[in-house]
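Coordinates only, no sequence provided:
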Ligand code: S3P
């Protein structure tokens, strides 16, 4: 069984049956919830081979939909990630008055309403599992003088939002939420938002982006100072749509990013590259399943996202970047990967912002390496879709891998060189797509199968994961868990 496509494109044929109830224009679409409580099992497999694309970049897809909704004219997007998280953002943009149309796989159009032109939604916006969707949206809503209620799934409702609401409140927006500023929360934007200079207390592209997107509505320049540079997709795309963005690297290692408010954004074409954070899973599998040789096509290689590749090369991985090029302002290339012996390394803490989402899969790779891998400076992993430090430490231990966890570090003692990781465990995804995929990748190289419960979480970022891995020769199958 594969992860089901989680939206329905309403063709003329399937629309006719429900047309009487709810007529929708051609090209209209709606989300469909993924299969609940899916359990997948990964089995030890032979060499993986093949040449594949991976789904579109999640970060860029969210931003394309949001800026498309604020632009004047029609933005055409190709390669959009059609995962659950991004579809939530598409639905939110529609609820806020933009027109969002799906023309075919990955091909979408957004007719925008201009900066500050969104309208009050008539219902609660459910952002599902998506921290990026929710936090960036709060930035957009901060400049609109109406009230929106935001909620999400159990994971999103437990995540800290004060990191975003604090600077946005300083600009003039009002928030009412649960304790700790958690969702559900209501945001009432201000028509006369103030510009802000904000020093980020943690390196977070989501917080930076929320403040910059709010800054679009304020007069003058809104500035964010990051302790170290984080992914800059918002800055690149703001420029692409015609906003004035200033970036200054300072001698102390901090970076200032400033946007000039109240621009007219103009609709643009956006080409979304493959998501390096999704490519990380077939890449890790190809490195750890002996004899594998895999090519991953058209992967976004923004230097602020590609820290995993540096780390894997430090471990001795055979990864070549073929056909490097720039597409829509973002560096892109094909990753040619071959399995081979890997050595444990110390990952410098300063690399964390450049590979923040890749520590779970790195930990799975480290389990097969020779020697010890130490990952430090990882406090932020505790507030992702799950507490990723705890989830990885628990799951690795269950798979027979020696692991140590501190407040902000993970140390994995690899079994490589003597034996494959034992595996033979059932691990829960904890509503976290990356935890689910990391343990399935580990299972492909392990001596005994690894099962993941709650694997439906994978649909948030990687629709078609099992089919795509199966196409390379991986053995990942759904268990029949019916009584
Ligand atoms: C993202 C930023 C990161 C990352 C997330 C996507 C983004 O979060 O973990 O998956 O698109 O801006 P933080 O900003 O919380 O580090």
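Looks like it came in fine. Everything numeric here is computed off the predicted structure, so don't read it as measured data.

Quick check: phi and psi at the spatially most central residue of the chain.
Per Cα atoms, centre = their mean, the C-alpha nearest to the average position across the chain is that of residue 58, at 4.6 Å. Note on residue 58: backbone dihedrals following degrees, to the nearest 10 are phi -70, psi -50.

How about the contacts made by it?
81, 83, 85-86, 132, 275, 277-278, 461 (Cβ atoms under 8 Å, 6 or more residues apart in numbering). Just so you know, the C-beta spots here come from the backbone N, C-alpha and C atoms, and that holds for glycine as well.

so what pLDDT did it get?
Looking at residue 58, its pLDDT is 98.

Just the ones of the contacts of residue 58 in helices?
Within the contacts of residue 58, residues falling in helices by DSSP state H are 85-86, 132, 277-278.

Now distance to residue 413 and neighbour count too, for the contacts of residue 58, in CSV please.
Below are the contacts of residue 58 laid out as CSV (distance: Cβ to Cβ, whole Å; neighbours: other Cβ atoms under 10 Å):
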residue, distance to residue 413, neighbour count
81, 35, 28
83, 34, 30
85, 34, 24
86, 37, 30
132, 33, 21
275, 30, 25
277, 25, 24
278, 28, 28
461, 29, 27
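
could you dump the residues you listed to JSON lines with pLDDT and distance to residue 340?
Listed next are those as JSON lines, based on pLDDT from 0 to 100; distance: Cβ to Cβ, whole Å:
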{"residue": "81", "pLDDT": "98", "distance to residue 340": "30"}
{"residue": "83", "pLDDT": "97", "distance to residue 340": "31"}
{"residue": "85", "pLDDT": "97", "distance to residue 340": "34"}
{"residue": "86", "pLDDT": "98", "distance to residue 340": "34"}
{"residue": "132", "pLDDT": "98", "distance to residue 340": "34"}
{"residue": "275", "pLDDT": "98", "distance to residue 340": "24"}
{"residue": "277", "pLDDT": "98", "distance to residue 340": "23"}
{"residue": "278", "pLDDT": "98", "distance to residue 340": "22"}
{"residue": "461", "pLDDT": "98", "distance to residue 340": "28"}
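
May I ask which two of these are separated the most?
Using Cβ to Cβ, those span at most 14.2 Å, a distance reached by 132 and 278.

Could you pull up the contacting residues of the residue of the stretch 51-200 of the chain found nearest the ligand?
For the stretch 51-200 of the chain, the residue closest to the ligand is residue 59, as judged by Cβ to the nearest ligand atom, at 3.2 Å. Going by Cβ under 8 Å, 6+ apart, residue 59 touches 132, 205, 231, 233, 275, 305.

Please list which of the residues you listed also come close to the ligand.
132, 205, 231 (Cβ under 6 Å from any ligand atom).

close enough to count as contact, the second one and residue 231?
Yes - taking Cβ atoms under 8 Å as the contact criterion, residue 205 and residue 231 are neighbours in contact, 4.4 Å apart.

Reformat the ones in helices among the contacts of residue 58 as JSON lines; add distance to residue 408.
Putting these into JSON lines (distance: Cβ to Cβ, whole Å) gives the following:
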{"residue": "85", "distance to residue 408": "26"}
{"residue": "86", "distance to residue 408": "30"}
{"residue": "132", "distance to residue 408": "22"}
{"residue": "277", "distance to residue 408": "21"}
{"residue": "278", "distance to residue 408": "26"}
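
Does stretch 276-291 reach the ligand?
No - Stretch 276-291 lies out of reach of the ligand by Cβ under 6 Å from any ligand atom, never closer than 7.1 Å.

and after whichever strand or helix holds residue 150, which helix or strand comes next?
In this assignment (DSSP states H and E), residue 150 forms part of strand 147-151. Later in the chain than strand 147-151, the nearest helix or strand by DSSP H and E is helix 154-157.
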